[in-house]
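In: build me a structure from this.
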Amino acid sequence: MSHQQERLHRIPEACGRLGIGRSYLYELMGAGRIRSVKVGRRRLVPESAIREFIEQLDAEVA
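Out: Next comes the predicted model:
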């Protein structure tokens, strides 16, 4: 069985994927609305966290 690695986005990449600014992304992470991981000194956002956040937004609108 192969284990597929999940893509981790740097902060600028995650901002671009979501169309939001850096400070707002940090605000969302601080509030627990978007998951992130720390690798060394870097804060990274998993692709699944971006998808989950978008799904949450869709659910709020529906």
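
In: low-scoring stretches of the protein, by residue?
Out: Residue ranges of the chain with pLDDT under 70: 1-3.

In: switch the cut-off to 80
Out: Applying pLDDT under 80 to the chain flags residues 1-4, 62.

In: now the strands for it?
Out: 8-10, 37-39, 42-46 (DSSP state E).

In: could these be laid out in CSV, adding mean neighbour count and distance to residue 60?
Out: For glycine as for every other residue, the C-beta is placed from the backbone atoms N, C-alpha and C. Supplementary listing: the strands of the chain in CSV, determined by neighbours: other Cβ atoms under 10 Å; distance: least, Cβ to Cβ, whole Å:
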stretch, mean neighbour count, distance to residue 60
strand 8-10, 16, 22
strand 37-39, 9, 25
strand 42-46, 17, 20
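
In: between those, which one is nearest to residue 57?
Out: Closest to residue 57 of the strands of the chain is strand 42-46 (Cβ to Cβ; 15.3 Å).

In: now for the closest one, which elements pack on it?
Out: Counting contacts by 3 or more Cβ pairs under 8 Å, 6 or more residues apart in numbering; DSSP states H and E, strand 42-46 packs against strand 8-10, helix 11-18, helix 22-30, strand 37-39.
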